[in-house]
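Visitor: here's a sequence, model it:
(2 chains, ligands or ions: 2)
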Amino acid sequence: MKLARDTWLVFQRQVLLMVRTPVWLVVGVVQPLFYLLLFAPLLKQVLGAGSYEEAYRIYVPGLLAVLVIFGGLFTGFSLLGELRAGIIERSRVTPVSRLALLLGRALREVLALMVQAVIITLLALPFGLSVAPLDLLLAYLLMALLALMTSAISYGIALLVRSDAALAPVVNTVAQPIALLSGVLLPLALAPQWLRSIAEWNPFYWAVEGMRALFAGQVGDSSVWQSLLIVSVLTVVAVWWSARLFAERVR
Amino acid sequence: MIETTGLRKSYQSRKGRQATTVDAVAGLDLSVAAGEIYGFLGPNGAGKTTTLRMLATLIRPDGGEATVAGADLRQDPAGVRRRIGYVAQGGGTTDTVSGREELVHQARLHGIGKAEAGQRAERAITAFELGEFADRPCQTYSGGQRRRVDIALGVIHSPGVLFLDEPTVGLDPASRAQVWQEIRRLRGEGMTVFVTTHYLDEADALCDRIGIIDHGGIVAEGTPEELKQEISGDVLLVGLTDGDSVEKAAGALRGEPALHRLETPEDGGLRLYVRDGASAIPQLLRTLDGAGVAPATIQLQRPSLDDVFLARTGRSLA
Ligand SMILES: Nc1ncnc2c1ncn2[C@@H]1O[C@H](COP(=O)(O)OP(=O)(O)OP(=O)(O)O)[C@@H](O)[C@H]1O
Ligand SMILES: [Mg+2]
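Guide: Ligands and ions are numbered 1, 2, ... in the order given. Okay, here's the model as predicted:
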């Protein structure tokens, strides 16, 4: 109860700060838009897709997954900024729940990324994307969990390295293989067997598979429940890990 | 209100392959009574912030015991947090929100309801005279305005004990005076205030009691008057002309019966501690004259807290 109230309090404040500096929204939407306009035509050729609709059905879920995975992974910078400014320290000398301090911030990131995801989905519709509303909602749930997980991971890394200069290369190094091995740009169905075997150990690969199934209207596909399960479990683990680090390391 | 025994904290730092340990706070015993302004005076790196952060539950001590406002630091850190206010050395306001929004949010973090938080913010704005700027973003505040907001944030929940880490660093004399006035007002309301500073005049003018800290330990404690009385007598500052060496003058004066103590500060000249300055001057002048030293200036001073620090540590704070 107290946790919920405190989290809500921190979340509200974070959302207020975000609304006051809305540049993130422009950057967050314009970049994927470029991919949508400039990369998708290429993809259509490569995949030999008959129509844009078909190309988008494969491409948009991957694009959204990249957006939440990367967006989440880079949120550690804002935590470092607030630590440096003494804002976190000030909240820690109050009875507010420590977990709420972290969770409220991570949920702000989830909200920001979901707003971007919705805008991109809407923008893709006129280009021929079509997806059933319920499937889309389920895809959003999966994305929200992904965003929460990667934000938590990013906070954890930020608390470990403790410096902007170190955070960027570490996050990039983590993100690169994750992105390549999840088949976000091109489906790994095109990949040689050995690459696919490695990818199967990458939870984000399962997430992207689940997303693609949902956008393709195959809600009953086993990849859907598998991805939801895998991502849920990992989200809990990631939040637990970063919350523990936060309680231990922030001093 | 605050009692500590043997409070310790050390930091490991690595320089290349060599690990060094810094004893930031090394066995601190202190006792602060309810309703007093206790000044923690010490040079940079003495361990002031580390002590404060331990007492405010931000870092865990390596050893020792402490009770703050009746709650045990180790057993009941949450109880300590409920009863204290803490204003960090660097403050901590968010650039894009206003002072009022910060005050309301801080109150809510303390578990205060929305309506009540708004009223408290309003009262704080009146009491700290923040009205002129309270509704602008914090990034537009001057240093002094920001510091007053910091302090208002620290007391928004009416704590029994307030920790202030160097509240007046970087402020002009008028703003410092205003901050002192706020601190006295808070004491007047019954709050115990624990303030760190490395300004001698601040410790002297503001604090009821002072602990002088150096290298993580208390080297002297008492009211400003008690501390200064400890340095009995007067201080003579002797300025030398360019031609005369400090060593020569010091050599001549050592062994003078009127002299308790002689220091040679880095900025030149001599600092002589004598029982009765006025009557010692003629004799000291004769001695210097005999050694062929002609002082350029002589000043008679009452001892300051710096003299206390100098006497205890052999270094000067000023
Ligand atoms: N996180 C840390 N890691 C390593 N050493 C530290 C750390 N924090 C403080 N120290 C060291 O502990 C000692 C005491 O530091 P502290 O900040 O308590 O001093 P201070 O009295 O507040 O000084 P100032 O007047 O400069 O604020 C210093 O030598 C400092 O370098
Ligand atoms: Mg300090």
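Visitor: name the nearest residue to A:Thr7, ignoring sequence neighbours.
Guide: Beyond its immediate neighbours in the sequence, the residue positioned closest to A:Thr7 (Cβ to Cβ, 6 or more residues apart in numbering or on different chains) is A:Ala100, lying 4.2 Å away. (Glycine included, C-beta is placed from N, CA and C.)
Visitor: centre-most residue in the chain?
Guide: If you meant another chain, say so; for now it's chain A. Among the residues of chain A, the one closest to the centroid is A:Val68, at 2.2 Å (Cα atoms, centre = their mean).
Visitor: actually, chain B is the one I wanted.
Guide: Centroid-nearest residue in chain B: B:Thr197, 2.2 Å away (criterion: Cα atoms, centre = their mean).
Visitor: state the number of residues packed around residue 51.
Guide: Just going to use chain A. In terms of burial, A:Ser51 registers 10 neighbours under the definition other Cβ atoms under 10 Å in any protein chain shown.
Visitor: actually it's chain B I care about, not the one you picked
Guide: Neighbour count for B:Thr51, taken as other Cβ under 10 Å: 30.
Visitor: so how far is chain A from it?
Guide: 14 Å (Cβ to the nearest Cβ, to the nearest Å).
Visitor: which helix or strand contains that residue?
Guide: Counting by DSSP states H and E, the element that carries B:Thr51 is helix B:48-55.
Visitor: pull the CA atoms of that helix into PDB?
Guide: What follows is helix B:48-55, C-alpha atoms only, in PDB (Å, rounded to 0.1, in the frame of the first residue of the first chain):
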ATOM      1  CA  LYS B  48      32.200  16.800   8.500                       C
ATOM      2  CA  THR B  49      30.100  15.700   5.600                       C
ATOM      3  CA  THR B  50      30.900  12.000   6.300                       C
ATOM      4  CA  THR B  51      29.700  12.400   9.900                       C
ATOM      5  CA  LEU B  52      26.500  14.200   8.800                       C
ATOM      6  CA  ARG B  53      25.700  11.600   6.200                       C
ATOM      7  CA  MET B  54      26.200   8.800   8.700                       C
ATOM      8  CA  LEU B  55      23.900  10.600  11.200                       C
END
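Visitor: that helix: what's the following helix or strand?
Guide: With elements assigned by DSSP H and E, the helix or strand that comes after helix B:48-55 is strand B:63-68.
Visitor: show the pLDDT at the nearest residue to B:Thr168 once chain neighbours are set aside.
Guide: With Cβ to Cβ, 6+ apart as the measure, B:Arg176 is the residue that lies nearest to B:Thr168, at 4.4 Å, once sequence neighbours are left out. Listed pLDDT for B:Arg176 reads 89.
Visitor: low-confidence ranges, the stretch 151-251 of chain A, go.
Guide: Judged against pLDDT under 70, the low-scoring parts of the stretch 151-251 of chain A cover residues A:249-251.
Visitor: can you give me the helices in it?
Guide: All helices of the stretch 151-251 of chain A, identified by DSSP state H, counting those that start in this stretch, fall at A:164-180, A:193-199, A:203-215, A:222-249.
Visitor: give me the angle between the first one and helix A:203-215.
Guide: Spelled out, that is helix A:164-180. Compare the direction of helix A:164-180 with that of helix A:203-215 by axes from the mean of the first three to the mean of the last three Cα atoms, to 10 degrees and you get 50 degrees.
Visitor: now helix A:164-180: buried residues?
Guide: Judged by neighbour count using 16 or more other Cβ atoms under 10 Å in any protein chain shown, the buried positions of helix A:164-180 are A:Leu167, A:Val170, A:Val171, A:Ala175, A:Ile178, A:Ala179, A:Leu180.
Visitor: the longest one now?
Guide: Neighbour counts over helix A:222-249 (16+ other Cβ under 10 Å) mark A:223-224, A:227-228, A:230-231, A:234-235, A:238-239, A:242-243, A:245-246 as buried.
Visitor: B:Asp307 against B:Tyr273, yeah?
Guide: Yes. Judged on Cβ atoms under 8 Å, B:Asp307 makes contact with B:Tyr273 at a distance of 7.3 Å.
Visitor: the more surrounded of these two?
Guide: Comparing B:Asp307 with B:Tyr273 by other Cβ under 10 Å, the one with more neighbours is B:Asp307, at 24 against 21.
Visitor: so how far is B:Gly211 from the more buried one?
Guide: Computed with Cβ to Cβ, to the nearest Å, the distance linking B:Asp307 and B:Gly211 is 17 Å.
Visitor: and for A:Leu38?
Guide: A:Leu38 sits 67 Å away from B:Gly211, taking Cβ to Cβ as the criterion.
Visitor: just want to know which of those two has more residues nearby.
Guide: Under the criterion of other Cβ under 10 Å, the comparison of A:Leu38 against B:Gly211 puts B:Gly211 first, with 27 against 9.
Visitor: which residues of chain B lie near chain A?
Guide: Within chain B, the positions lying close to chain A (Cβ under 8 Å from any Cβ of the partner chain) are B:53, B:56-60, B:78, B:81-82, B:84-86, B:88, B:90-94, B:96-97, B:101, B:105-106, B:108-111, B:153, B:157.
Visitor: buried members of those residues into ChimeraX, please.
Guide: Selecting the buried subset of the residues of chain B next to chain A in ChimeraX, with 16+ other Cβ under 10 Å as the burial test, is done by:
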select /B:53,56,57,58,59,81,82,84,85,86,88,91,92,93,94,97,101,105,106,108,109,110,111,153,157
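Visitor: what about the residue nearest to A:Thr7, how many residues nearby?
Guide: With neighbours defined by other Cβ under 10 Å, the count for A:Ala100 comes to 23.
Visitor: was I right about it contacting A:Gln14?
Guide: No. Taking Cβ under 8 Å as the definition, A:Ala100 is not a contact partner of A:Gln14, at 11.2 Å.
Visitor: ok, back up a step: what's the overlap in contacts for B:Asp307 and B:Tyr273?
Guide: B:Ile231, B:Val235 (Cβ atoms under 8 Å, 6 or more residues apart in numbering or on different chains).
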